[in-house]
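Peer 1: build me a model:
(one chain, ligands or ions: 1)
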Amino acid sequence: MTILIDTHCHLTMNQYDPDRSGVIQRARDAGVERMITIGTDLEDSQRAVALAEGHDFMSAAVGIHPHDVKEIKDPEATCQSLKSMTSNSKVVALGETGLDYHYMHSPAPLQQEHFRIMIRMAKACGLPLIIHSREAKEDTLKILSEEVGDQLRGVFHCFSGDMEMAEAALAMGFYLSFSGMVTFQNAKTILEVVKAVPLDRILTETDAPFLTPHPHRGKRNEPVYVRYVAEKVAELKALSIEETAKAIFANAAKLFNLNLENTP
Ligand code: NI
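Peer 2: Numbering: from 1, shown residues only. Here you go, the predicted structure:
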């Protein structure tokens with residue numbers, strides 16, 4: 001049995017309201033031993049923690065998505081709320097956070113300011129950071145290089161950057177997490193990156209309900225499809241799926257300090 005992990009999904013989103021427990025069970029039945037559900041604002045982060053509390057194979061991350069930082073009314077109170085959530089043992093990371101200049105739903109300076117706050121919080125509380133970076137390579141790397149320290153650990157989620165960005169992320173000690181994008185027809189650059197990144201720095205995710213892998217592209221994504229990502233990584237590394245998935249699971253367990261008591 002291949003032991004899979006989805007390190008980044010959004011199981012609280014309303015796309016799953018009709019059949020959330022079915023979605024989770026389907027993933028479990030297919031060998032997805034762990035899922036990390038990611039909060040995108042304060043309320044969603046609370047929902048993520050509550051959902052994870054109901055399942056011993058699920059963990060949560062708490063944070064404000066770069067799209068949503070414009071909604072922060074009181075930055076101080078928001079940080080306090082996030083900080084208090086991290087005392088829950090279900091919370092294994094801060095995020096997602098970072099910069100999204102593709103949609104620019106929130107002004108860039110606000111995104112940058114909040115990103116710096118989250119980096120400092122991650123260093124202070126010792127949790128890894130889940131970084132979202134889209135069309136913001138320069139600023140992401142600049143801010144990280146200014147803020148990064150020995151204590152900061154984390155992952156570039158849904159990595160879609162080039163080799164230069166991958167090398168910079170690896171040099172700062174980060175993991176790279178790959179999504180269903182590796183199965184897309186036009187994924188040439190990402191495939192080169194997967195080939196070049198050492199296996200011990202690779203994670204897998206779905207970012208469900210978004211970014212559905214081929215051959216289900218266009219439909220709702222869900223954690224069971226993380227298998228397509230792991231299979232693509234295995235193919236590119238010329239390793240068996242079992243060996244690849246086992247290594248990826250170990251990477252995630254290490255980064256997120258997962259409690260493996262109930263894992264086969
Ligand atoms: Ni996400």
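
Peer 1: select the longest helix from this structure.
Peer 2: helix 108-125 (DSSP state H).

Peer 1: which residues are in contact with the helix or strand just after that helix?
Peer 2: Using DSSP states H and E, the helix or strand that directly follows helix 108-125 along the chain is strand 129-134. Strand 129-134 is contacted from outside by 8, 38, 61, 63, 65-66, 93-103, 118-119, 122, 140, 144, 152-158, 160-161, 165, 174, using CB atoms under 8 Å, 6 or more residues apart in numbering. Where you see a C-beta, it was placed from the backbone N, CA and C, and this is true even at glycine.

Peer 1: what about strand 129-134, distance to the chain center?
Peer 2: Remark: strand 129-134 is offset 8 Å from the chain centroid, using CA atoms, centre = their mean, to the nearest Å.

Peer 1: what angle sits between that strand and helix 108-125?
Peer 2: Orientation check (axes from the mean of the first three to the mean of the last three CA atoms, to 10 degrees): strand 129-134 against helix 108-125 gives 160 degrees.

Peer 1: paired strands for strand 129-134, with orientation please.
Peer 2: strand 91-100 (parallel), strand 154-156 (parallel) (DSSP bridges).

Peer 1: quick one: average confidence on the helix or strand following the shortest one?
Peer 2: Looking back up the chat, that one is strand 154-156. Going down the chain from strand 154-156, the next helix or strand is helix 163-171, by DSSP H and E. The average pLDDT for helix 163-171 rounds to 97.

Peer 1: where in the stretch 1-150 of the chain is pLDDT low?
Peer 2: Within the stretch 1-150 of the chain, no stretch has pLDDT under 70.

Peer 1: how distant is the longest helix of the chain from the center of its chain?
Peer 2: 17 Å.

Peer 1: ok, now which ones touch Leu127?
Peer 2: 86, 91-94.

Peer 1: 6 Å instead?
Peer 2: 93-94 (CB atoms under 6 Å, 6 or more residues apart in numbering).

Peer 1: counting by contacts, list what the longest helix of the chain packs against.
Peer 2: Applying 3 or more CB pairs under 6 Å, 6 or more residues apart in numbering; DSSP states H and E, one finds that helix 108-125 contacts strand 91-100, helix 137-147.

Peer 1: swap the cut-off to 8 Å and go again
Peer 2: helix 75-85, strand 91-100, strand 129-134, helix 137-147 (3 or more CB pairs under 8 Å, 6 or more residues apart in numbering; DSSP states H and E).

Peer 1: what's the angle between the last one and strand 129-134?
Peer 2: This means helix 137-147. Using the same axes, to 10 degrees: helix 137-147 against strand 129-134 is 150 degrees.

Peer 1: in helix 137-147, what counts as buried?
Peer 2: 137, 139-141, 143-144, 147 (16 or more other CB atoms under 10 Å).

Peer 1: got the angle for that helix vs helix 163-171?
Peer 2: Using the same axes, to 10 degrees, helix 137-147 lies at 20 degrees relative to helix 163-171.

Peer 1: swap in the third one?
Peer 2: Going by the same axes, to 10 degrees, strand 129-134 is angled at 170 degrees with respect to helix 163-171.

Peer 1: re the thing from before, okay if I get the helices and strands packed on helix 108-125 as TSV plus distance to Ser240?
Peer 2: As requested, the helices and strands packed on helix 108-125 are exported to TSV (distance: least, CB to CB, whole Å):
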stretch	distance to Ser240
helix 75-85	39
strand 91-100	28
strand 129-134	28
helix 137-147	33
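
Peer 1: quick one: closest of these to Leu199.
Peer 2: Checking these against Leu199 by CB to CB gives strand 129-134 as the closest, at 20.2 Å.

Peer 1: mind checking the SS state of Lys73?
Peer 2: At Lys73, secondary structure determined by DSSP: H, G, I helix; E, B strand; the rest coil is coil.

Peer 1: can you give me phi and psi for it?
Peer 2: phi -90, psi -40 (degrees, to the nearest 10).

Peer 1: quick one, what contacts Asn90?
Peer 2: No Asn there; residue 90 is Lys. 49, 52-53, 58-60.
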